[in-house]
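> Give me the fold of what follows.
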Amino acid sequence: MHSHTVHTIGARPVSLNGIYTTTDGYNWQTNSNFTNNLRGVRYANGQYIAVGDNGSIFTSVDSTNWNNHSVATSGSLSGVAFGNSIYIAAGSVAATSPDGVAWTLCPSNPPAVITRIAYGEGLFVAVGYSGPYYNPSGEILTSQNCTNWQVQLTEPSGNVFTAIAYNGGTFLATLNGGAVFKSSDGTNWNGSIFSLPSVDHGSFALYYNFNNLSLSYLGHYSTVCAYNGTFIAGGLDGIMLQSGNTWNPALLTTSQSNSNGFTFSYNQQIDVPYHIQMSTNLLNWVNLYSGTGTGQLTNFTYSASSNYPARFFRIVSP
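Here you go, the predicted structure:
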């Protein structure tokens, strides 16, 4: 029997360049400092990926030791996602990688500045904004390959989409004013039945940056994440909301059995841990395989030559 430590990880806010980790949600520590500001971090397909200004891309398998895989650009990266066997990092520019190590800039920039990106339903779905940054318009975009992007939704000036998550067949995107939008396919979007509560000091403010003589836009920024079938949305003043469970951990296709064994195909949600188990009596189950979802169709075959006379199979997630 063994145990393992679970790390929660976050990039520090704009204008700072550290990464903090915690094992309990209360005590945080930082052991990494970077030259450029970091704007996003994600655990995807077995590794942590942090992205930021000037094409910064760093990866780690333990959240402590980081490797630099940055691309040569003055553009900024804010979001990263994995799906369909590729990683995409995006912001004012975008880059792709087959393994998280070797990155290539996309031939053209996205039609909006991307703040976050998620993968589901065969699509990379990104949120962000277009127009002047002191009076932006919120955008939701989709792409299959990072080369061609389609704008699926535009919100009026003064709005920025700040976060997006995918879980159980549902995309959830948050707007800086607290509104929440949802979609089942990434292309057709509806305003949700609820909004994140407003805070006492208003939903947005403008301030003058004397260092670069420009206006900067501040909003009632919120975030959303998904795990094990539930969404958690948060905003200013410690506001946090949690949804009910909408989890469909694995989609199964038709199974086949013959004298040689038993075969079925499944599509497990990205980054969700799971076990394939077998049993002879539906009471006692034995692990055949353990893995982490990649969001891709996977085939599993159980050979009849095995010494264990299995009769029943299932996929479970911890």
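
> give me the beta-bridge partners of residue 274?
Judged by DSSP bridges, the bridge partners of residue 274 are residue 291.

> Go ahead and confirm it touches residue 294.
No. Shown here, residue 274 and residue 294 do not form a contact pair, counting by CB atoms under 8 Å, at 10.8 Å. Yep, even glycine has a C-beta here, placed from its N, CA and C like the rest.

> Pull up the overlap in contacts between these two.
Counting by CB atoms under 8 Å, 6 or more residues apart in numbering, the contacts common to residue 274 and residue 294 are residue 268.

> For the chain, which segments are assigned as helices?
Residue ranges of helices cannot be listed for the chain, since DSSP state H assigns none.

> Flag the shaky bits of it, pLDDT-wise.
For the chain, applying pLDDT under 70 flags the ranges 1-16, 25, 193-221, 236-239, 246, 254, 259, 304-310.

> Need the residue closest to the centroid of it.
By CA atoms, centre = their mean, the chain has its centre lying nearest to residue 118, at 4.5 Å.

> Enumerate every residue touching that one.
Residues in contact with residue 118 (CB under 8 Å, 6+ apart) are 81, 124-126, 164-166, 171.

> what's the answer for residue 57, then?
Counting by CB under 8 Å, 6+ apart, residue 57 touches 49-51, 68-71, 77, 89, 95, 103.

> Dig out what it forms beta bridges with.
Here residue 57 sits in beta bridges with residue 51, going by DSSP bridges.

> Go ahead and confirm residue 141 touches residue 110.
Yes. Checked against CB under 8 Å, the pair residue 141 and residue 110 is within contact range at 6.4 Å.

> neighbour-wise, which of the two wins?
residue 141 (25 against 22; other CB atoms under 10 Å).

> how close does the more buried one sit to residue 117?
Counting by CB to CB, to the nearest Å, the gap from residue 141 to residue 117 is 9 Å.

> Now do the shared contacts for the two.
Listed contacts common to residue 141 and residue 117 are 125-127; contacts here mean CB under 8 Å, 6+ apart.

> residue boundaries of the strands in the stretch 51-200 of the chain?
Listed in chain order, the strands of the stretch 51-200 of the chain (DSSP state E, counting those that start in this stretch) span 57-60, 67-68, 77-83, 86-91, 94-97, 104-105, 113-120, 123-130, 137-143, 150-157, 161-167, 170-175, 179-183, 190-195.
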